[in-house]
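Engineer: The sequence and its predicted three-dimensional model are supplied below.
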Amino acid sequence: DTGVSQDPRHKITKRGQNVTFRCDPISEHNRLYWYRQTLGQGPEFLTYFQNEAQLEKSRLLSDRFSAERPKGSFSTLEIQRTEQGDSAMYLCASSLATPYEQYFGPGTRLTVT
Amino acid sequence: KNEVEQSPQNLTAQEGEFITINCSYSVGISALHWLQQHPGGGIVSLFMLSSGKKKHGRLIATINIQEKHSSLHITASHPRDSAVYICAVRLRTSGSRLTFGEGTQLTVNP
């Protein structure tokens, strides 16, 4: 198993553009999580899926953010009309339903100029 | 006030020293995780615990549920231990998502 992968690893975009990130979880993991981490801070929860169902969304996930996991495997996180405040590391993690231990991907670092 | 507080924020040690990083939380939890993050972002899970103590190599994690406190110890520290150590909890009320502390930046000098 190759672990959790994320693509791209780095993204630089201009303010107002849309961006989409992809996460491929560990294959047998049915839970997938998105977190955001700004410099010097711990990660913050954004949303999570069990299979294809989005079970919880943080209030941090504004209308400009949307996440999908259409077939219960990979997931995408889209940010529309990016703002400078969206600059952060976007982390994906996956787990089994129990024992819940989460395995993290390398992250996608977004810079909005 | 954050639900998860870590101390210290920064820690510098000499190679070989015994290191302790502390984590306190203010709400009921079902599990606590210790994570390691190296420069570049990758996060590795070190421990998941809900009671008692776990040991893996030179790392030891303890938790006191009554006091809502956990510690991560590193024995015989080495420069390769330099990283950010993050405490995260799974709240009883929040399903399986994690709530994170701000992390402790550890630097071990040779």
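Structural biologist: Happy to help now that I have it. Residues are numbered from 1 along each chain as shown, chains lettered A, B, ... in the order given.
Engineer: Chain A contacts on chain B?
Structural biologist: Residues of chain B found near chain A (CB under 8 Å from any CB of the partner chain) are B:4, B:31, B:33, B:35, B:40-45, B:48, B:86, B:88, B:90, B:94-103. Yep, even glycine has a C-beta here, placed from its N, CA and C like the rest.
Engineer: Among those residues, name the buried ones.
Structural biologist: B:4, B:31, B:33, B:35, B:41-43, B:45, B:48, B:86, B:88, B:90, B:94, B:96-103 (16 or more other CB atoms under 10 Å in any protein chain shown).
Engineer: where are the low-confidence patches of chain A?
Structural biologist: A:1, A:99 (pLDDT under 70).
Engineer: redo that, cut-off 90
Structural biologist: Residue ranges of chain A with pLDDT under 90: A:1-2, A:28, A:39-40, A:56, A:58-63, A:71-72, A:96-101.
Engineer: can you pull out the strands in it?
Structural biologist: A:5-7, A:10-13, A:19-24, A:31-37, A:44-50, A:53-57, A:65-68, A:75-79, A:88-95, A:103-104, A:108-112 (DSSP state E).
Engineer: would you turn those strands into TSV with mean neighbour count and distance to chain B?
Structural biologist: Output for the strands of chain A, formatted as TSV (neighbours: other CB atoms under 10 Å in any protein chain shown; distance: least, CB to the nearest CB, whole Å):
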stretch	mean neighbour count	distance to chain B
strand A:5-7	17	10
strand A:10-13	14	10
strand A:19-24	19	13
strand A:31-37	24	6
strand A:44-50	21	5
strand A:53-57	14	6
strand A:65-68	17	13
strand A:75-79	20	15
strand A:88-95	24	5
strand A:103-104	20	4
strand A:108-112	18	7
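Engineer: So, low pLDDT: which residues of chain B?
Structural biologist: B:1-3, B:27-28, B:38-42, B:91-97.
Engineer: Which single residue of it ends up nearest chain A?
Structural biologist: Nearest residue of chain B to chain A (CB to the nearest CB) works out as B:Phe100 at 3.4 Å.
Engineer: what's the spacing between the closest residue to that residue other than its chain neighbours and A:Ser95?
Structural biologist: Among residues not flanking B:Phe100 along the chain, A:Gly42 sits closest, at 3.4 Å (CB to CB, 6 or more residues apart in numbering or on different chains). Distance from A:Gly42 to A:Ser95, counting by CB to CB, to the nearest Å: 18 Å.
Engineer: And B:Glu3, by the same measure?
Structural biologist: B:Glu3 is 20 Å from A:Ser95, by CB to CB.
Engineer: hang on, B:His38 packs against B:Ala83?
Structural biologist: Yes: using CB atoms under 8 Å, B:His38 is in contact with B:Ala83, at 5.0 Å.
Engineer: Look at these two and report which has more neighbours.
Structural biologist: Ranked by neighbour count (other CB atoms under 10 Å in any protein chain shown), B:His38 and B:Ala83 place B:Ala83 first, with 20 against 12.
Engineer: What's opposite the residue of chain B closest to chain A in the beta bridge?
Structural biologist: B:Ala88 (DSSP bridges).
Engineer: That one reaches B:Ala88, doesn't it?
Structural biologist: Yes: using CB under 8 Å, B:Phe100 makes contact with B:Ala88 at a distance of 4.5 Å.
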